[in-house]
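Chemist: compute the structure for the input listed below.
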Amino acid sequence: MRSNKALKIDLQAAYPCPCRRSGVLKPITLTEAFGCHRCQQIFVIQDDGYLLEQLSTHYPYKRVWYWTGSQWRLDHSALSNHYLPLATMLFGVGMFVLLLAILQPPSSLGMFLRLLTVAAVALLFLVVFWLSCRR
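Modeler: Residues are numbered from 1 along each chain as shown. The predicted model follows:
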């Protein structure tokens, strides 16, 4: 059984395409890049030869893979790095909303709406932290 540890990518070897379209990655001459003969995508080597990044993509985040010796695996470390700034920003906005809810003079309908807002913001925090911790 092979391990899931990242192996260094050989620039002279051919690999299967990580896009799962049964293509073959072949090195592009005089570059540190690979091209797929089937899906026409270009991939570059990163992180001292351990990661493969797709150049032209329509995904909001860059897709990066590592080679295990038998297959490509998505590298989720690049994706999870974006959760911390998002969680920090949402935390700051949430604290601002909570301060506004606390500092306003209470009234019957206004208090109910503020408590509903506080509950919604707390639920939003829980969802964001759950998403960041599940990686």
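
Chemist: now do the helices in the chain.
Modeler: 77-80, 83-103, 108-133 (DSSP state H).

Chemist: which of these sits most buried?
Modeler: Mean neighbour count, computed with mean count of other Cβ atoms under 10 Å, is highest for helix 77-80 among the helices of the chain, reaching a mean of 14. Bear in mind the C-beta positions are built from the backbone N, C-alpha and C, glycine included.

Chemist: quick check: mean pLDDT across it?
Modeler: In this model, helix 77-80 carries a mean pLDDT of 58.

Chemist: now the helices of the chain in TSV, with distance to L52?
Modeler: Shown next, in TSV, are the helices of the chain (distance: least, Cβ to Cβ, whole Å):
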stretch	distance to L52
helix 77-80	12
helix 83-103	23
helix 108-133	25
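
Chemist: now the closest residue to Q12 other than its chain neighbours: how far from R73?
Modeler: Nearest non-adjacent residue to Q12, counting by Cβ to Cβ, 6 or more residues apart in numbering: P27, 6.2 Å away. Using Cβ to Cβ, to the nearest Å, one obtains 21 Å as the distance from P27 to R73.

Chemist: cool, and R114?
Modeler: On the measure of Cβ to Cβ, R114 and R73 end up 47 Å apart.

Chemist: also V121?
Modeler: 36 Å.

Chemist: fine, thanks again, bye for now.
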